[in-house]
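> Only the shape, not the letters, is given here:
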């Protein structure tokens, strides 16, 4: 059986040796309470750049400017196949997201261990970005 495809984009926003991490809500369907990267799924005819700008506007309350695609990965979930691009972006403004912080890459270790694709992709590319 072929799983439905979900195309998503995770955003890596760096500040020196730290990255912008957000904490998923405790009622999140898949990874409750996990620290990870801002991410969103493509809707309709949206381009990856559109998704990144939407993540900035609607999730973070900032202006995101896509810089470059860093890597790509895929993962089978229970009810769909997740294909995710990791993009580096710059940010204008201060996030209004409820729980965020500038953190070391290590904050993503727990999420990667729990199956977070965005956390795994970011940890794999540490040192190759920038």
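Yep, it's here. On a predicted model such as this, the values are computed, not experimentally measured, just so you know.
> List the residues that contact the residue nearest to residue 15 when sequence neighbours are not counted.
Nearest in space to residue 15, with sequence neighbours left out and distances taken as C-beta to C-beta, 6 or more residues apart in numbering, is residue 102 at 5.1 Å. Glycine gets a C-beta too; all of them are placed from N, C-alpha and C. Each residue near residue 102 by C-beta atoms under 8 Å, 6 or more residues apart in numbering is listed here: 15, 18, 19, 20, 21.
> Beta-bridge partners for the last one, please?
In other words, residue 21. Beta-bridge partners for residue 21, by DSSP bridges, are residue 101.
> Return the list of helices and strands in contact with the helix or strand harbouring residue 67.
Secondary structure assigned from DSSP states H and E places residue 67 in strand 63-76. The contact analysis (3 or more C-beta pairs under 8 Å, 6 or more residues apart in numbering; DSSP states H and E) places strand 63-76 against helix 48-54, strand 81-92, helix 117-125.
> Name the strands paired with the longest one and say parallel or antiparallel.
According to DSSP bridges, strand 81-92 forms sheet pairs with strand 5-12 (parallel), strand 63-76 (antiparallel).
> closest to residue 46 out of these?
Among the strands paired with strand 81-92, the nearest to residue 46 by C-beta to C-beta is strand 5-12 (9.4 Å).
> Partner strands of the helix or strand just after the closest one and their direction?
For strand 5-12, the succeeding helix or strand toward the C-terminus, using DSSP H and E, is strand 14-15. Here strand 14-15 has these sheet partners by DSSP bridges: strand 18-23 (antiparallel).
> Return the set of buried residues in the partner strand.
For strand 18-23, the neighbour count (16 or more other C-beta atoms under 10 Å) marks 19, 20, 21, 22, 23 as buried.
> elements contacting whichever helix or strand comes after it?
Where DSSP H and E defines the elements, the next helix or strand beyond strand 18-23 is strand 35-36. Applying 3+ C-beta pairs under 8 Å, 6+ apart, one finds that strand 35-36 contacts strand 18-23, helix 109-113.
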